[in-house]
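Asks: Sharing a model that was predicted from the sequence below.
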Amino acid sequence: MINFQELAEKYKTPLYVYDFDYMKEQYNALKEAFRGRKSLLSYAVKANSNLSVVQNFARLGSGADCVSIGEVRRALMAGIPPYKILFSGVGKQDDEIQEAIEHDILYINAESIAELERIDLIAKKLDKVCRISVRVNPNIDPKTHPYISTGLSANKFGVDIDSAKRMYIFAKNSSHLDPVGIHFHIGSQLTELEPIRESAIIVADLVRSLHVIDVDLKFFDIGGGLGVVYKDEITITPYDYAQAILSTLTGLDLTIVCEPGRYLTANAGYFLTRVLYEKTNKDKRFIIVDGAMNDLIRPSLYNAYHKIEALKQEGERTKADIVGPVCESGDFFAKDYELPALAHNDLLIVHSAGSYGFGMGSNYNTRGRSAEIAIENGVDRMIRQRETFEDIIALEKDFLQENNE
Ligand code: LLP
């Protein structure tokens, strides 16, 4: 049991708390599901990119799925070897591609013909060979929130099957590209297995047809997306997930690469916030807390549900909107949420905050980002300091002009 009260007193609020042991359990459960097959779990760094979080996965043998050179640098700093690092994303810049090639990472996931040509050019200039994979868009509806759905032609991600084939032929004919993998990722917070299985069938068929033209791939990258329980979702078990994928790969000797983010970190994270005030406008009850949308934007952006628990349980529960101090009506953690009567300084725990929480934060309203804390073997430690006003203005203050008299 995590002593949230003690942590809130020791580190102040708002505060992110991550249970590193839970992250390990999740990693091991997923790794175990692919037992007996060559597999690489490459943690999707974007889900929670704190260096110590990434290091926690590095120590378990995890790779890293990165979407910017900044994330690649984080992964390397946290101890993930280059040969377990992937670089994905629809819009990689020249200097990012160059640095990835120089680090000799496992492969770059190319998301368009134009990008592949660019990678070829840069590899040529460096006189290197770049391992690549192509992100295929299988045009399958993942049945998740439209903002986190990526596997339909209407989404900006990946390329259709015909373009993918052309890209592999281009790569095969280039002396600076080595096509080693194939990639798909149809969306995030997936709770239905069928779209994943259907996508895997399409992509595995493409692997077979590439074999016929002498393009032999080694890595079958199934992306991330495994959903978790925020409220009452029925989620896919790691076993069923692995079985669904493996069933599509008969006759193929491929290393399975998986890029889990949320599955590993979402329910390891808690966001602690204290009540500032309560008020009622006509009949409407508001609980104003010290955390805000700049700390955790998922409710505002996706209308996402996060369970909110009051440490103080006594008293009749009535509906309230839990809102932050930011000057936006969209600044809320929950609406019409039942909570007991609360007083100044009472602590609220926002659950499932370990993925896409801190990382999507900002300094909006000149609010410093929260501190981040790890709990490992029952011991807590700081993994990121609370931002101060000085931190926020550090890159601006030297540009102030002298006042004109
Ligand atoms: N691989 C690729 C290529 C991805 O685009 C993503 C997530 C992942 C792996 C990891 O997906 P996960 O296992 O975490 O579902 N901010 C949104 C989620 C955005 C996901 C973007 N891509 C949210 O808060 O729900």
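Replies: Received it, and whenever you're ready, just let me know what you need. Numbers count the residues shown, from 1 in each chain.
Asks: residues in the stretch 201-350 of the chain within reach of the ligand, list them.
Replies: 223-226, 259-263, 298, 302 (Cβ under 6 Å from any ligand atom). No exception for glycine: its C-beta is placed from N, CA and C like everyone else's.
Asks: longest helix of the chain?
Replies: helix 194-212 (DSSP state H).
Asks: Which single residue in the stretch 101-250 of the chain comes nearest to the ligand?
Replies: Distance from the ligand to each residue of the stretch 101-250 of the chain (Cβ to the nearest ligand atom) is smallest for Gly224, at 2.8 Å.
Asks: Geometric centre of this protein: which residue is closest?
Replies: Ala47 (2.3 Å; Cα atoms, centre = their mean).
Asks: helix or strand right after the helix or strand that contains Tyr337?
Replies: Using DSSP states H and E, Tyr337 sits in strand 332-339. Using DSSP H and E, the helix or strand that follows strand 332-339 in sequence is strand 347-350.
Asks: Within the sheet, what are the partner strands of that next one, with directions?
Replies: strand 269-281 (antiparallel), strand 308-310 (antiparallel) (DSSP bridges).
Asks: is it possible to export those to TSV including mean pLDDT and mean neighbour count?
Replies: Converted to TSV, these look like this (pLDDT from 0 to 100; neighbours: other Cβ atoms under 10 Å):
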stretch	mean pLDDT	mean neighbour count
strand 269-281	97	18
strand 308-310	97	18
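Asks: Reformat these as JSON lines; add distance to Phe87.
Replies: Output for the strands paired with strand 347-350, formatted as JSON lines (distance: least, Cβ to Cβ, whole Å):
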{"stretch": "strand 269-281", "distance to Phe87": "25"}
{"stretch": "strand 308-310", "distance to Phe87": "37"}
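Asks: Arg369 is nearest to which of these?
Replies: Closest to Arg369 of the strands paired with strand 347-350, according to Cβ to Cβ: strand 269-281, at 11.8 Å.
Asks: Report the mean confidence score over the following helix or strand past that closest one.
Replies: As assigned by DSSP H and E, the chain's next helix or strand after strand 269-281 is strand 284-289. Average pLDDT, strand 284-289: 97.
Asks: want to throw the residues of the stretch 201-350 of the chain next to the ligand into a markdown table with distance to Lys124, neighbour count and secondary structure?
Replies: Output for these, formatted as a markdown table (distance: Cβ to Cβ, whole Å; neighbours: other Cβ atoms under 10 Å; DSSP: H, G, I helix; E, B strand; the rest coil):
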| residue | distance to Lys124 | neighbour count | secondary structure |
| --- | --- | --- | --- |
| Gly223 | 29 | 29 | coil |
| Gly224 | 32 | 23 | coil |
| Gly225 | 34 | 30 | coil |
| Leu226 | 38 | 25 | strand |
| Glu259 | 28 | 27 | coil |
| Pro260 | 34 | 27 | coil |
| Gly261 | 33 | 25 | coil |
| Arg262 | 38 | 25 | helix |
| Tyr263 | 38 | 29 | helix |
| Arg298 | 42 | 21 | helix |
| Tyr302 | 42 | 14 | helix |
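Asks: now, among those, which is nearest to Thr388?
Replies: Using Cβ to Cβ, these come closest to Thr388 at Arg298, 25.3 Å.
Asks: what about the residue nearest to the closest one when sequence neighbours are not counted, is that helix, strand or coil?
Replies: Nearest non-adjacent residue to Arg298, counting by Cβ to Cβ, 6 or more residues apart in numbering: Ala304, 4.0 Å away. Classification of Ala304 using DSSP: H, G, I helix; E, B strand; the rest coil returns coil.
Asks: Buried residues in the strand or helix carrying Tyr239, which are they?
Replies: According to DSSP H and E, Tyr239 maps onto helix 238-246. For helix 238-246, burial by neighbour count (16 or more other Cβ atoms under 10 Å) applies to 238, 241-242, 244-246.
Asks: Surely the residue nearest to Arg298 is in contact with Tyr230?
Replies: Yes: contact status for Ala304 versus Tyr230: in contact at 7.0 Å, counting by Cβ atoms under 8 Å.
Asks: Sticking with the closest residue to Ala334 other than its chain neighbours, tell me its helix or strand.
Replies: In this structure, Ala334 finds its nearest non-sequential neighbour in Ile322, 4.8 Å apart by Cβ to Cβ, 6+ apart. Here Ile322, judged by DSSP H and E, is contained in strand 318-323.
Asks: so that strand versus strand 269-281, what angle?
Replies: Angle, strand 318-323 to strand 269-281, by axes from the mean of the first three to the mean of the last three Cα atoms, to 10 degrees: 110 degrees.
Asks: roughly how far apart are Arg274 and Tyr263?
Replies: 30 Å (Cβ to Cβ, to the nearest Å).
Asks: next one: Leu210
Replies: Leu210 is 29 Å from Tyr263, by Cβ to Cβ.
Asks: and if you look at Gly251?
Replies: 28 Å.
Asks: What are the boundaries of the helices in this protein?
Replies: 4-11, 20-33, 51-58, 69-77, 94-103, 113-126, 161-172, 194-212, 238-246, 262-265, 298-302, 389-393.
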